[in-house]
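# Provided below are the primary sequence and the corresponding predicted coordinates.
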Amino acid sequence: AQKVTQAQTEISVVEKEDVTLDCVYETRDTTYYLFWYKQPPSGELVFLIRRNSFDEQNEISGRYSWNFQKSTSSFNFTITASQVVDSAVYFCALSEDNDDMRFGAGTRLTVKP
Amino acid sequence: SQTIHQWPATLVQPVGSPLSLECTVEGTSNPNLYWYRQAAGRGLQLLFYSVGIGQISSEVPQNLSASRPQDRQFILSSKKLLLSDSGFYLCAWSVLAGGGNEQFFGPGTRLTVL
């Protein structure tokens, strides 16, 4: 069965610091998909990225970047030059070639001004 | 573009009362639909998912039920609420074709059972 572990329950940084959110996953499938979602205080989950198991290329989108490493079963998320608006709970999720998505427990990020 | 609606946004109900939460999707056809629950400070737990009208799969045994009377409508119900049913309920949709598709979430319903 698939499993997602986000070991960092809470992280607090000062604005403009870089911060990395860790995600480690477990799966027996060779085809799988990884996701990151952001949950701001309003509660709605916002989709950030989807990555399939055959594409280990890292991705950068503005201040956001993702590091996918199959060798360590990790899909880490880095925010560069963090801003107060980045404060939210971030969820990593895994899907095994179906639409059954399993979420990690989430990491609460607080960015202080 | 696709949008997903949930109502009500907040709900306070006494123990033992019935529940009906509604979710509708616009701008897409034949979506997969999902109900999740998020307890305070916790992650998301998948409750139900549906791949079509009248087709419901349950992930965990509980006193909740789900129905899909129309293609883009998903309803979460209970005949008698328990205190443990309190939480934040999120509806989501994804495209039907293929697997591993991203899910898009509604604004959620915050339920408090007293």
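Structure received.

# show me where the chain has strands.
By default, I'm working from chain A. Along chain A, counting by DSSP state E, strands occupy A:3-5, A:10-14, A:19-21, A:24-26, A:33-39, A:46-52, A:59-61, A:64-69, A:74-79, A:88-95, A:101-103, A:107-112.

# The intended chain is chain B.
B:3-7, B:10-13, B:19-26, B:32-38, B:44-52, B:55-58, B:64-70, B:73-78, B:87-94, B:104-105, B:109-113.

# Any chance of JSON lines for these, columns mean pLDDT?
Shown next, in JSON lines, are the strands of chain B (pLDDT from 0 to 100):
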{"stretch": "strand B:3-7", "mean pLDDT": "94"}
{"stretch": "strand B:10-13", "mean pLDDT": "96"}
{"stretch": "strand B:19-26", "mean pLDDT": "96"}
{"stretch": "strand B:32-38", "mean pLDDT": "94"}
{"stretch": "strand B:44-52", "mean pLDDT": "91"}
{"stretch": "strand B:55-58", "mean pLDDT": "90"}
{"stretch": "strand B:64-70", "mean pLDDT": "96"}
{"stretch": "strand B:73-78", "mean pLDDT": "96"}
{"stretch": "strand B:87-94", "mean pLDDT": "95"}
{"stretch": "strand B:104-105", "mean pLDDT": "94"}
{"stretch": "strand B:109-113", "mean pLDDT": "96"}
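
# Redo the ones you listed as a markdown table? Include distance to chain A and mean neighbour count.
Any C-beta I mention is one placed from the backbone N, CA and C, and that applies to glycine too. Below are the strands of chain B laid out as a markdown table (distance: least, C-beta to the nearest C-beta, whole Å; neighbours: other C-beta atoms under 10 Å in any protein chain shown):
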| stretch | distance to chain A | mean neighbour count |
| --- | --- | --- |
| strand B:3-7 | 9 | 17 |
| strand B:10-13 | 10 | 13 |
| strand B:19-26 | 13 | 18 |
| strand B:32-38 | 5 | 24 |
| strand B:44-52 | 4 | 19 |
| strand B:55-58 | 9 | 14 |
| strand B:64-70 | 15 | 16 |
| strand B:73-78 | 14 | 20 |
| strand B:87-94 | 5 | 23 |
| strand B:104-105 | 4 | 20 |
| strand B:109-113 | 7 | 18 |
